[in-house]
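1. sequence and predicted structure below; questions after.
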Amino acid sequence: MSEQPQQPQTAAELEEFAMQQGLRLEERSTLSMLGSALVSFMRTKPLGAGGLILVVIWSVIAVGTVGSGGGWLGLGRYDSQDVFKIANANFADDKVANVLDGESADISNAELKELLLVPEVYGDLARESGVLDDMLAYVEGLIESGTLLTHLETLDPAQIEIRGGTIVDVDDLLATGTNTPLTTASLQGPSGKHWFGTDRAGHDLFSRVTEGARLSLYIGFFATLIGVVAGTAIGLIAGGLGGNIDLAINRLMDSIQAFPPIVLLLLLRSVTEPSALWVTLALSALAVAPVQRIVRGAVIALREMPFVEAARTLGATNARIMLMHILPNIVAPLIVIFSITIGAFILAEAALSFLGLGTLDVSWGKMIADGRQFIVQSPWTSLFAGLALTSLVFGFNVLGDALRDVFDPRLRGSR
């Protein structure tokens with residue numbers, strides 16, 4: 001009987017053996033393999049790839065706009081203080097146009113100062129709001145630079161026109177004196193200054209949409225993470241131990257699921273403060289029972305498999321079997337559950353904010369609710385927040401469907 005060749009044991013021996021056979025080992029790093037898997041996913045699942053791109057874009061926006069002035073991306077171009085400065089400048093422009101109505105276009109800087117650097121021009125409201133000094137400094141700067149009339153003419157919309165050598169106020173919005181510095185920036189349409197327009201309070205909607213992405217992803221991600229981790233742990237315990245423990249856990253999960261989700265959220269809301277933390281915890285509680293049932297079913301199906309029996313024969317404890325042998329085999333469905341649940345929780349957070357039960361932070365749901373009464377005259381007040389919410393939830397949903405197809409052998413190649 002011929003002696004069998006010794007099999008290579010180490011990487012060096014394997015490489016030497018391959019060279020002797022005229023073969024070449026292909027060295028691939030983990031990063032390279034991940035890249036290949038991503039390219040394959042993008043090619044075979046175009047809809048899922050589109051969802052992944054949407055999720056990545058919104059994630060970059062959420063992270064990149066943290067901080068004043070729009071963060072390192074500079075997308076959130078106006079923070080709250082900037083909005084008030086813009087509103088105050090618009091208010092001052094209107095008041096100046098009212099005063100200059102009928103004056104000669106050849107008016108001197110000295111005459112402009114005499115007319116415009118008077119507190120009474122801007123009213124008691126500006127003084128009471130603490131913005132009078134800023135308005136006077138703003139107007140004085142335009143006068144000193146000699147650009148006041150040009151500035152008022154070229155505004156969008158223009159505040160004045162020069163007709164026959166006379167200044168004409170073409171914007172009588174503040175003629176009654178009932179408006180405030182803030183309302184002058186209210187409900188402006190999309191423009192170069194405000195890409196998505198402004199809401200009824202004069203806030204820049206582009207900034208608020210990008211800021212709302214941060215809250216939605218924060219709550220969606222962490223609520224899902226807490227719910228999936230807790231549900232997985234409870235499911236492993238119930239499915240692994242069985243018996244009375246399994247029965248008790250299942251009855252507890254049944255009692256939780258007996259509550260309609262909105263009733264459970266209202267109950268939790270009644271005993272907590274309106275914050276992102278309570279919304280996250282409340283939503284995570286909704287995910288525990290469904291995840292527990294899925295994990296428990298998977299554990300029951302896997303615990304009788306030959307590889308589990310082999311581990312048990314070798315003396316492995318229940319904890320080791322659950323963590324080292326069964327848990328790695330249910331990671332794929334957990335990834336799918338995670339991706340789909342994030343989208344559902346983002347939608348749930350928006351629904352809570354729409355009903356006034358969410359956080360005090362900027363939220364897409366709250367923006368949609370605030371814009372309802374202006375939806376006919378100023379549709380942008382709700383439109384852009386709704387589109388942002390739809391695109392992000394759609395991205396997570398189609399990404400989850402694509403991942404399910406990839407991880408489930410029975411569905412591979414079916415779509």
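-> That came through fine. Here the structure is a predicted model, which means the values were calculated and not measured.

2. what is the strand or helix carrying Leu286 packed up against?
-> Counting by DSSP states H and E, the element that carries Leu286 is helix 276-302. Applying 3 or more C-beta pairs under 8 Å, 6 or more residues apart in numbering; DSSP states H and E, one finds that helix 276-302 contacts helix 205-241, helix 243-258, helix 261-270, helix 331-354. For the C-beta atoms, the positions are set from N, CA and C on the backbone; glycine is no exception.

3. so for Ala289, which of those helices sits nearest?
-> Comparing those against Ala289 with C-beta to C-beta, the closest turns out to be helix 243-258 (4.3 Å).

4. can you point out the buried residues in that closest one?
-> For helix 243-258, burial by neighbour count (16 or more other C-beta atoms under 10 Å) applies to 246, 249, 253, 257.

5. can you check stretch 314-328 too?
-> Buried residues in stretch 314-328 (16+ other C-beta under 10 Å): 321-322, 325-327.

6. surely Ile167 forms part of a strand?
-> Yes. Read with DSSP: H, G, I helix; E, B strand; the rest coil, Ile167 is one of the residues of a strand.

7. what are the bridge partners for it, then?
-> Beta bridges link Ile167 to Ile162 when assigned by DSSP bridges.

8. give me the neighbour count for it.
-> 23 (other C-beta atoms under 10 Å).

9. repeat that for the one 3 residues further on.
-> Counted with other C-beta under 10 Å, the neighbours of Val170 add up to 15.

10. name the nearest residue to it, ignoring sequence neighbours.
-> Spatial nearest neighbour of Val170, excluding adjacent residues (C-beta to C-beta, 6 or more residues apart in numbering): Glu161 at 5.2 Å.

11. tell me the secondary structure at the residue lying closest to Met367 once chain neighbours are set aside.
-> Nearest-residue entry for Met367: Ala385, 3.9 Å, with adjacent residues in sequence omitted and distances by C-beta to C-beta, 6+ apart. What three-state DSSP gives for Ala385 is helix.

12. so who does the residue nearest to Val170 touch?
-> Counting by C-beta atoms under 8 Å, 6 or more residues apart in numbering, Glu161 touches 153, 167-168, 170.

13. and stretch 236-256, C-alpha only, in CSV?
-> Output in CSV follows, covering the C-alpha atoms of stretch 236-256 (Å, rounded to 0.1, in the frame of the first residue of the first chain):
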residue,chain,number,x,y,z
LEU,A,236,-32.4,32.1,23.9
ILE,A,237,-33.3,31.5,27.6
ALA,A,238,-36.8,30.4,26.8
GLY,A,239,-35.9,28.1,23.8
GLY,A,240,-32.8,26.7,25.5
LEU,A,241,-34.2,25.9,28.9
GLY,A,242,-37.7,25.0,27.9
GLY,A,243,-40.2,23.6,30.5
ASN,A,244,-41.8,25.9,33.0
ILE,A,245,-39.3,28.7,32.3
ASP,A,246,-40.3,28.7,28.7
LEU,A,247,-44.0,28.6,29.6
ALA,A,248,-43.7,31.6,32.0
ILE,A,249,-41.7,33.7,29.5
ASN,A,250,-44.3,33.0,26.8
ARG,A,251,-47.2,34.0,29.0
LEU,A,252,-45.3,37.2,29.9
MET,A,253,-44.7,38.0,26.2
ASP,A,254,-48.4,37.2,25.5
SER,A,255,-49.5,39.8,28.1
ILE,A,256,-47.2,42.4,26.6
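
14. average pLDDT for it, rounded please.
-> For stretch 236-256, the mean per-residue pLDDT is 86.

15. and the residue nearest to Thr198 when sequence neighbours are not counted, how many neighbours?
-> Nearest residue to Thr198, sequence neighbours excluded (C-beta to C-beta, 6+ apart): Gln188, at 4.5 Å. Gln188 has 21 neighbours, counted by other C-beta under 10 Å.

16. and which of the buried residues of stretch 314-328 is nearest Val99?
-> Val99 has its nearest neighbour among the buried residues of stretch 314-328 in Leu327, at 74.2 Å by C-beta to C-beta.

17. can you pull the contacts of the closest one?
-> By C-beta under 8 Å, 6+ apart, the neighbours of Leu327 are 232, 236.

18. run the last query once more with 10 Å
-> Leu327 makes contact with 232-233, 236, 295, 298-299, 302, 321, 334 under the criterion C-beta atoms under 10 Å, 6 or more residues apart in numbering.

19. do the same with Val121
-> 92, 95-96, 98-99, 115, 132, 135-136, 139 are the contacts of Val121 under C-beta under 10 Å, 6+ apart.

20. what about those residues, which are in strands?
-> Among the contacts of Val121, no member falls in strands (DSSP state E).

21. got a winner among those for most neighbours?
-> Within these, Val96 tops the neighbour count with 27 neighbours, counted by other C-beta under 10 Å.

22. please tell me I have it right and that residue contacts Leu116.
-> Yes. Between Val96 and Leu116 there is a contact at 5.7 Å, judged by C-beta atoms under 10 Å.

23. just flag the most distant two among the contacts of Leu327.
-> Every pair of those checked by C-beta to C-beta; the farthest is Ile321 and Leu334, at 17.7 Å.

24. the residue nearest to Thr198 touches Asp204, doesn't it?
-> Yes. Between Gln188 and Asp204 there is a contact under C-beta under 10 Å: 9.2 Å.

25. which parts of the stretch 51-200 of the chain are helices?
-> All helices of the stretch 51-200 of the chain, identified by DSSP state H, counting those that start in this stretch, fall at 80-100, 109-116, 123-128, 132-145, 148-154.

26. now the shortest one, how far from the centre of its chain.
-> Relative to the mean C-alpha coordinate of its chain, helix 123-128 is positioned 38 Å out (C-alpha atoms, centre = their mean, to the nearest Å).

27. separation between the closest residue to Ala213 other than its chain neighbours and Gly400?
-> Closest residue to Ala213 apart from its sequence neighbours, by C-beta to C-beta, 6+ apart: Ala62 at 4.5 Å. Distance, Ala62 to Gly400, using C-beta to C-beta, to the nearest Å: 19 Å.

28. cool, thanks, talk later.
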